[in-house]
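**Q** model this:
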Amino acid sequence: MKHLVALAIKTMLVFLVLSIVLSLFNDYALWNTLGLSLIIVVAAYIIGDIFILRATNNLISTLADIGLCTLVIWLIGPLILNEPVSFGLALLTSIIVGAGEWVFHKYVARAVFPNNERAYS
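**A** Residues are numbered from 1 along each chain as shown. Okay, the predicted model is just below:
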């Protein structure tokens, strides 16, 4: 149940940022942005939050999430959004997501992995 709550929070965070930056300011279709958000959430939760955060710390996990998010938006985004996505836009969007991830990781460390001292740093 803890993972479902964390996934719901992460989905809201990522979709909010992507819908504002990609859909509102750059006119990408909202439904396509939702699909891209779900791909990012699943990949980033498994790789960044479950594996990297537990093995390292918040900083490393946040940087990994920014990198992963940038690559997914830049490389997979055009397939989902049906339009090219510039690297700069992908990076900007990912940095904003990363700011939210920093706070989200603190929640995950306390609520999902409370016995992992590394995740708190």
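**Q** Give the buried residues for the worst-scoring helix or strand of the chain on mean pLDDT.
**A** Lowest on mean pLDDT, DSSP states H and E among the helices and strands of the chain sits helix 53-55, with a mean of 92. Buried residues in helix 53-55, defined by neighbour count with 16 or more other C-beta atoms under 10 Å: Leu53, Arg54. The C-beta positions use only the backbone N, C-alpha and C, and glycine is treated the same way.
**Q** What helices and strands are in contact with that helix?
**A** helix 87-111 (3 or more C-beta pairs under 8 Å, 6 or more residues apart in numbering; DSSP states H and E).
**Q** Distance from the chain centre to the helix it packs on, please.
**A** Counting by C-alpha atoms, centre = their mean, to the nearest Å, helix 87-111 is centred 6 Å from the centre of its parent chain.
**Q** before we move on, back to that, quick check: angle from the helix or strand just after the least confident helix or strand of the chain to helix 87-111?
**A** Sequence order places helix 58-71 as the next helix or strand after helix 53-55, per DSSP states H and E. Interaxial angle of helix 58-71 relative to helix 87-111 (axes from the mean of the first three to the mean of the last three C-alpha atoms, to 10 degrees): 140 degrees.
**Q** For helix 58-71, what is the distance to the chain centroid?
**A** 8 Å.
**Q** repeat for stretch 30-41
**A** With C-alpha atoms, centre = their mean as the basis, the mean position of stretch 30-41 lies at 11 Å from the chain mean.
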